[in-house]
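Asker: Structure, please.
(chains A and B)
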Amino acid sequence: MGFINLKELAELGEQVALGQPVPPAEPSRTAPDSGRPRDSGVPIALRGLGKAYGARTVLSSIDLDVAAGEFVAIVGRSGCGKSTLLRLLAGLEAPSQGSIALDGQALRDTHDELRLMFQDARLLPWKSVADNVALGLPGSARERREAALAALADVGLADRADEWPARLSGGQRQRVALARALVHKPRLLLLDEPLGALDALTRIEMHALIERLWREQGFTALLVTHDVAEAIALADRVLLIEDGSTALDLRIALERPRDRTSAGFTALEDRVLRRVLRHPPLEEAHAPAAAAAPFIQWRWAA
Amino acid sequence: MAHSNDTSRTGWQGRIGPWLVPAAILAGWQIAAQTGWLSTRILPAPSAVLAALWELASSGELLTHLQASFARAAIGFAIGGGIGFFFGLINGCWRVAENLFDTTLQMVRNVPHLALIPLVILWFGIDEGGKLFLVALGVFFPVYLNTFHGIRSVDAALVEMGRSYGLSGWALFRHVILPGALPNILVGVRYSLGFMWLTLIVAETIAASSGIGYMAMNAREFLQTDVVVLAILLYAVLGKLADVAARLLERRLLRWNNAYAGA
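Answerer: Here you go, the predicted model:
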């Protein structure tokens, strides 16, 4: 009797496993109707998007469609324009040409639907961790605090809610920044190399965390990274940007959670890396936008 | 930091050591005055200064003068600091305001405010107005310059973050810009407290009918050197108190900052 029960349980377990949200093995499974709770993601459409600073063209005529709930990674050499693309999407800079539409609406009207995670955590040092997460939330003080604590619990930092950001490690700060982005329930999460400054172990933890929250909350995610392995570990699609335009658009059909040591993973990583390296490195003149920092310093004073 | 380490290492000797020299000077001064070697017209004995303190305090005269000086300092600081803070804010936040006002303010800054005293006496006589005007003017520039600089040096990355997280206008100012500028603003406040007492001393010794400075000038006419020395020491104590208050304010408002935490 007990034996049969065990067997039944085992079968049941297998069925549950099959019925569980399965990561996209092919493009069509990333669509909202794939059975996953993807209705909260927003589709993105870029048409002829371009950005130039004076005579220097950073992006030229980018056409891109991202399905709702899709996880897209953008890779490329330093200075290729991938961060600029993200800043255009975030509305931090205005495109020189072309258009951006979220869910068919112009970007300007949909600002509240997206949140950006920066390279550095950009926590306000004068606010406690919980107050940082609650920044810009509507509602009463108590509601905001509860929402912030829930978001902090999601990233495993509920017990640090009342500390100053200065007391946290780099990885913890980025987790707080992630909680701060997700507490707004964005339909699009933009990630601008948020893990670039973290050590390898912390990064792998962060990958698992981001992947879990993405699957739970179903937002569309756009990750800019220079780490090809990170792109393949997380994304449904990897885009390579070269000379300001898309040079490669690769679907990643590996099962989630992805095993970085599997043959399929390493083959894909190898393929993308080779493709990236085929292009000659950019000269210094193409330095990233951060080089303009002294000017940005003053820009916000209208 | 090194100082506190020293005291912990050497115990009571370390604690007493720094006070030995001042105590020796005081004792030598007392002896010199008592033996007549040091004329009381030049310097009264420390005991005489203490006696003067006791006498003036018990008659209530000291309190009246202290109140008058303190009120002038506080009102002048509030007016000058308030206006300086206001111009620092609007010039820091709006290019138009900076363009309109900053050059003018920088030109006025080059006029030493104490040079205006003859003019101020002509305008206000020896009324309160003149002294408040001078204190306010002395306090204005440190607060203005540091507020302006503080707002301009707020981390642009944090402002960008605030904007992209939906903050604008008052909310952006309250949560990001003002706290970011606060360390600089408080530096300005500390500087201006120094200017406040300095200006007040000059203003009160030149034209006043009450206050510590008036007390000192009055005593000079009657050769009461003990009261003069007492007035000087009172200014020192008041200056020290203002500095301590500013430090406490910094520690309270900037407790998030590692440089001030547990200092």
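
Asker: Wait, a helix at residue A:62?
Answerer: No - in this structure, residue A:62 is strand, not part of a helix, as judged by DSSP: H, G, I helix; E, B strand; the rest coil.

Asker: right, and it touches residue A:46 too?
Answerer: Yes - counting by CB atoms under 8 Å, a contact exists between residue A:62 and residue A:46, whose distance comes to 5.4 Å. The C-beta positions use only the backbone N, C-alpha and C, and glycine is treated the same way.

Asker: shared neighbours, those two?
Answerer: With contacts taken as CB atoms under 8 Å, 6 or more residues apart in numbering or on different chains, the residues that reach both residue A:62 and residue A:46 are residue A:98.

Asker: Can you tell me the closest non-neighbouring residue to residue 52?
Answerer: Since you didn't name a chain, this refers to chain A. The spatially closest residue to residue A:52, leaving aside those adjacent along the chain, is residue A:96, at 4.8 Å (CB to CB, 6 or more residues apart in numbering or on different chains).

Asker: ah, no, chain B please
Answerer: For residue B:52, the spatially nearest residue (CB to CB, 6+ apart) is residue B:226, at 4.0 Å.

Asker: mind checking how far residue B:77 is from residue B:139?
Answerer: Residue B:77 sits 5 Å away from residue B:139 when distances are taken as CB to CB, to the nearest Å.

Asker: ah, wrong one, I meant residue B:147
Answerer: Computed as CB to CB, the residue B:147 to residue B:139 distance reads 12 Å.

Asker: swap in residue B:223?
Answerer: Relative to residue B:139, residue B:223 is positioned 34 Å away (CB to CB).

Asker: So which of these two has more stuff around it?
Answerer: Comparing residue B:223 with residue B:139 by neighbour count (other CB atoms under 10 Å in any protein chain shown), the higher total belongs to residue B:139, at 30 against 11.

Asker: Could you say which helix or strand holds that one?
Answerer: Element membership for residue B:139 (DSSP states H and E) is helix B:128-152.

Asker: Could you report the neighbour count for whichever residue of the stretch 1-150 of chain B sits closest to chain A?
Answerer: The minimum distance from the stretch 1-150 of chain B to chain A, using CB to the nearest CB, falls at residue B:95 (5.6 Å). When counting by other CB under 10 Å, one arrives at 12 neighbours for residue B:95.

Asker: my guess is residue B:249 contacts residue B:187, does it?
Answerer: No - the pair residue B:249 and residue B:187 fails to qualify as a contact (CB under 8 Å) at a distance of 11.5 Å.

Asker: Relative to the whole chain's centre, how far out is the helix or strand containing residue B:197?
Answerer: According to DSSP H and E, residue B:197 maps onto helix B:178-206. Put simply, helix B:178-206 sits 5 Å off its chain's centre (CA atoms, centre = their mean, to the nearest Å).

Asker: Which elements pack onto it?
Answerer: When contacts are defined as 3 or more CB pairs under 8 Å, 6 or more residues apart in numbering or on different chains; DSSP states H and E, helix B:178-206 packs onto helix B:61-93, helix B:117-124, helix B:128-152, helix B:212-221, helix B:225-253.

Asker: buried residues in the third one?
Answerer: In other words, helix B:128-152. Of the residues in helix B:128-152, those buried by neighbour count under the rule 16 or more other CB atoms under 10 Å in any protein chain shown are B:128, B:130-152.

Asker: returning to what we had before: can I get the helices and strands packed on helix B:178-206 in a markdown table with distance to residue A:232 and mean pLDDT?
Answerer: Written out in a markdown table, the entries for these read as follows (distance: least, CB to CB, whole Å; pLDDT from 0 to 100):
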| stretch | distance to residue A:232 | mean pLDDT |
| --- | --- | --- |
| helix B:61-93 | 46 | 93 |
| helix B:117-124 | 76 | 88 |
| helix B:128-152 | 44 | 93 |
| helix B:212-221 | 76 | 88 |
| helix B:225-253 | 48 | 89 |
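
Asker: Return the most buried member of the ones you listed.
Answerer: Greatest average neighbour count among these goes to helix B:128-152 (a mean of 23), per mean count of other CB atoms under 10 Å in any protein chain shown.

Asker: Just after that one, pick out the following helix or strand.
Answerer: In the C-terminal direction, the helix or strand that comes right after helix B:128-152 (DSSP H and E) is helix B:156-164.

Asker: excluding its backbone neighbours, what's nearest residue A:162?
Answerer: Leaving out its chain neighbours, the residue that sits closest to residue A:162 by CB to CB, 6+ apart is residue A:128, at 5.3 Å.

Asker: If I follow the layout properly, the one you found ends up in contact with residue A:167?
Answerer: No - counting by CB under 8 Å, residue A:128 stays clear of residue A:167, with 10.1 Å between them.

Asker: between the two, who's got more neighbours?
Answerer: More crowded of residue A:128 and residue A:167, by other CB under 10 Å: residue A:128, with 18 against 13.

Asker: who touches the more buried one in this structure?
Answerer: Residues touching residue A:128, when contacts are defined by CB under 8 Å, 6+ apart, comprise A:161, A:162, A:163, A:164.

Asker: helix, strand or coil for the closest residue in space to the first one that isn't next to it in sequence?
Answerer: Yep, that's residue A:161 we're talking about. The shortest distance from residue A:161 to any non-neighbouring residue, by CB to CB, 6+ apart, is to residue A:130 (4.0 Å). When the structure is split into helix, strand and coil by three-state DSSP, residue A:130 lands in helix.

Asker: At which residues are the helices of chain A located?
Answerer: Listed from the start of the chain, chain A has helices (DSSP state H) covering A:2-19, A:82-89, A:129-133, A:141-154, A:170-182, A:200-217, A:228-234, A:263-278, A:293-299.

Asker: related to what we said a few turns ago, got any residues that touch both of residue B:77 and residue B:139?
Answerer: In terms of CB under 8 Å, 6+ apart, residue B:77 and residue B:139 are both contacted by the residues B:192, B:196.
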